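1. give the three-dimensional model of this entry:
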Amino acid sequence: MIGLGIYDVNLIDNKAKITWEKGESGLVFKKKLDGSFIMNRATNETCYDAIKAMTHCDTAALRITQPDNTTFTVVSVFNKRDISYNDDKCQVTIKPRYYDPNNIDAVITKDLNIINDAFDVYTVQYETLSMFEYITYTKANVFCNDLVWDINTLQWYSTTHSWIPVLKIFNNAEISNQVNNSNWTYFSQTNTKVDQTTDDPIFNISTTWFREIRYVPKAIDPLHDKVFPDDASFYDFAYLQTVTINGQLYNKYTRYVDSLVATDLMDEPLLNNHSLIDFSLTSYFGSTSTRTLTRARRLIDILEYFKTEFGCTTLSSHFFKDAINPVSGVDLRYLMIMQKSDAIYVDGSETSDPATKGIITFQQLMEQLWAMFQVTWLVQDDILYIEHIKYFRNNFSYLTNTTVGIDLTTVYPTALVGTHAYDYEKSIPLREKFSFMESWNVDFVGTDINYTNCLEDGETVDYSASLITTDIDPLYLDSQASRDGFVLLHCNDGYFVITTIGKLTTMSISNGHLSWANLHDAYWRSNRYLDTGMMNNVAVTFTDTLRKLKKQMPIRFPYCVEDFELYLNDLVRTTMGDGEIETAEYAIKDGYIQIELAYL
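-> Residues are numbered from 1 along each chain as shown. Sure thing, here's the model as predicted:
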């Protein structure tokens with residue numbers, strides 16, 4: 001096809017073949033012509049002259065079909081620079097290139113400004129004070145003379161403070177100060193009246209204390225003299241001790257909590273015949289600080305936009321669209337993205353000058369999602385698939401692929417003679433390293449996935465979410481983060497950032513599911529190089545969809561190319577077991593298929 005002209009021509013096969021490439025998704029899908037074709041002007045005059053008349057701006061399409069089968073075709077393209085001309089022989093040699101029907105290369109590198117009217121804007125909120133530890137002390141039969149019962153309101157009150165008892169318990173001692181040693185701050189108290197015979201109220205007291213904490217890896221803070229950035233707190237962090245978490249040393253810093261909210265005391269239950277009941281009351285000084293961000297966009301809206309850019313009719317993504325994520329079980333439908341300068345508070349509030357540009361390409365976005373979630377993509381049959389690598393490795397399924405498409409032990413056993421020969425993948429890394437654009441706290445800094453329990457040497461594979469920050473701790477975000485890049489937030493359906501227990505620190509942290517420690521635990525147990533390794537500093541057995549490292553020598557056999565294409569992503573059975581197709585090619589001249597297989 002040249003311009004509007006369609007020509008049926010006779011070509012001379014110059015060792016041409018059809019090849020299928022395995023893409024980043026792990027699927028064998030990229031079909032193209034490899035090699036070249038010779039066209040003589042004789043019997044092809046009209047097409048030959050049209051080729052000779054092509055300009056540098058013209059692109060022609062070459063479609064190969066089997067004479068007796070119009071359903072199997074392969075299309076490639078070429079231009080003047082893909083042709084060798086021999087005017088003496090009235091002959092051209094054409095070396096075609098891969099045809100991209102969705103114009104993928106152009107779309108994936110096209111800038112998108114996510115701050116535009118195409119995307120709805122959302123307000124999200126999150127708790128900023130999340131790194132705390134608590135301790136509770138109890139004591140029985142304590143006189144609390146400051147507590148009095150109001151029979152009209154059926155409430156206990158403190159005669160000194162209406163909202164908190166004066167007397168508290170710390171390490172079996174009765175104290176009255178609100179802030180105790182070792183940076184412990186009063187958090188909550190329950191008083192249960194146990195004596196009904198005297199005028200003085202006697203209670204069992206349970207007092208909970210808390211303090212803000214930070215862990216800093218000792219490797220980067222060997223002298224435990226870390227200087228933390230200034231923030232709104234009246235107190236500074238002080239080094240307490242060095243602790244071991246999952247086999248790694250961390251310096252532990254603590255400070256008092258000075259953001260306090262009082263709550264009135266109420267008895268439970270509210271009954272008039274109070275003389276027959278052991279009344280209890282609860283008070284607390286709990287910390288509270290909710291940050292509001294008004295300029296977020298939904299990640300799924302941006303992915304839908306790229307679906308349209310590719311000319312696709314559907315975005316298929318169980319990973320980001322299902323309420324129960326097929327890998328982790330966590331709801332990722334409300335992942336929110338925003339330009340980082342819009343997430344940073346200045347003088348205690350959102351900036352008054354919102355960002356006007358948040359530029360990212362599809363290629364860059366998918367690089368971030370791959371580094372974080374092992375998510376990759378594929379365009380096929382006008383569908384944009386965005387799924388975990390496990391989905392593609394198992395032939396469009398989150399269930400293990402056990403389907404054998406071609407059984408060579410029965411259909412062509414002679415092709416297997418002399419092929420029980422193989423090598424193992426030589427480039428197995430010693431460690432896999434991960435990084436965000438910025439991260440400060442232990443779970444977000446994370447650890448390597450490494451195979452040092454098995455290997456002694458090897459390369460390092462880097463995974464970099466170089467445009468993304470997920471550590472939204474205001475202590476660092478407001479003072480140390482750059483204004484470039486994006487913040488990604490894990491929200492619920494009310495657009496509140498979810499608080500999660502960090503897999504390294506075991507502390508409750510905002511946006512913790514998007515820390516490296518938690519991402520590894522949830523999404524990086526499959527597609528690993530070996531079946532054992534170290535994750536989050538703990539020895540782990542990997543059993544889910546491992547990489548296939550045993551590579552068999554090529555196998556060549558005659559097969560109908562149309563039928564073969566149906567089985568590209570199924571398994572092939574040989575005398576070595578059920579193998580996964582790594583490469584495939586079809587020789588046009590003799591009709592033979594050649595495949596290379598990989599096994600566990």
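
2. next secondary structure after the host helix or strand of residue 62?
-> Element membership for residue 62, per DSSP states H and E: strand 60-66. Counting by DSSP H and E, the next helix or strand C-terminal to strand 60-66 is strand 69-78.

3. so how far is that next one off the chain centroid?
-> Mean-position distance between strand 69-78 and its chain equals 37 Å (Cα atoms, centre = their mean, to the nearest Å).

4. one more: stretch 358-366?
-> Computed by Cα atoms, centre = their mean, the chain-centroid distance of stretch 358-366 equals 15 Å.

5. between the two ends of it, how far is it?
-> Its first and final residues considered, stretch 358-366 spans 16 Å by Cα to Cα, to the nearest Å.

6. need the contact partners of it.
-> By Cβ atoms under 8 Å, 6 or more residues apart in numbering, the surrounding residues in contact with stretch 358-366 are 107-115, 302, 306, 309, 338-339, 375-377, 386, 467, 486. Placement of C-beta: from N, CA and C, glycine included.

7. for the residue nearest to residue 495 when sequence neighbours are not counted, the count of nearby residues, please.
-> In space, and not counting its chain neighbours, residue 495 is closest to residue 124: 4.6 Å by Cβ to Cβ, 6 or more residues apart in numbering. For residue 124, the count of nearby residues is 22 (other Cβ atoms under 10 Å).

8. got the contact list for residue 340?
-> 469, 481, 482, 483, 484, 485, 486, 487.

9. swap in 10 Å and give it another go.
-> Applying Cβ atoms under 10 Å, 6 or more residues apart in numbering, we find residue 340 in contact with 355, 358, 437-438, 467-469, 472, 477, 481-488.

10. now the buried members of those residues.
-> Neighbour counting over the contacts of residue 340 (16 or more other Cβ atoms under 10 Å) leaves 355, 358, 437-438, 467-469, 472, 477, 481, 485-488 as the buried ones.

11. tell me the buried residues within the contacts of stretch 358-366.
-> Buried among the contacts of stretch 358-366 (16+ other Cβ under 10 Å): 107-108, 112, 114-115, 302, 306, 309, 338-339, 375-377, 386, 467, 486.

12. tell me the two of those residues that are most distant?
-> For the buried ones among the contacts of stretch 358-366, the farthest-apart pair by Cβ to Cβ is 115 and 376; their separation is 26.2 Å.

13. tell me which stretches of the stretch 101-250 of the chain form helices.
-> Under the criterion DSSP state H, counting those that start in this stretch, the stretch 101-250 of the chain contains helices at 104-108.

14. show me the shaky parts of it.
-> 129-130, 178, 180, 195-199 (pLDDT under 70).

15. any idea what the nearest residue to residue 438 once chain neighbours are set aside is bridged to?
-> Using Cβ to Cβ, 6+ apart and skipping the chain neighbours, the partner closest in space to residue 438 is residue 469 (4.8 Å). Legend: beta-bridge partners of residue 469 under DSSP bridges are residue 487.

16. residue 469 and residue 436 touch, don't they?
-> Yes - if you go by Cβ atoms under 10 Å, residue 469 and residue 436 touch, sitting 5.7 Å apart.

17. who touches both of these two?
-> Counting by Cβ under 10 Å, 6+ apart, the residues touching both residue 469 and residue 436 are 444, 485, 488, 514.

18. list just the nearest of the residues you listed to residue 92.
-> Nearest to residue 92 among the shared contacts of residue 469 and residue 436, counting by Cβ to Cβ, is residue 485 at 50.1 Å.

19. list the buried residues for the strand ranked longest in the chain?
-> Ranked by residue count and defined by DSSP state E, the top strand of the chain is strand 202-217. Neighbour counts over strand 202-217 (16+ other Cβ under 10 Å) mark 202-216 as buried.

20. just stretch 330-348 next, same as before
-> Buried residues in stretch 330-348 (16+ other Cβ under 10 Å): 331-345.

21. inside helices: which ones of these?
-> With DSSP state H as the criterion, helices contain 340, 341, 342, 343 from among those.

22. which is the succeeding secondary structure element to the one helix or strand in the chain whose mean pLDDT sits lowest?
-> Using mean pLDDT, DSSP states H and E, the weakest-scoring helix or strand in the chain turns out to be strand 266-268, at a mean of 53. Proceeding N to C from strand 266-268, the next assigned helix or strand is strand 280-284, under DSSP H and E.
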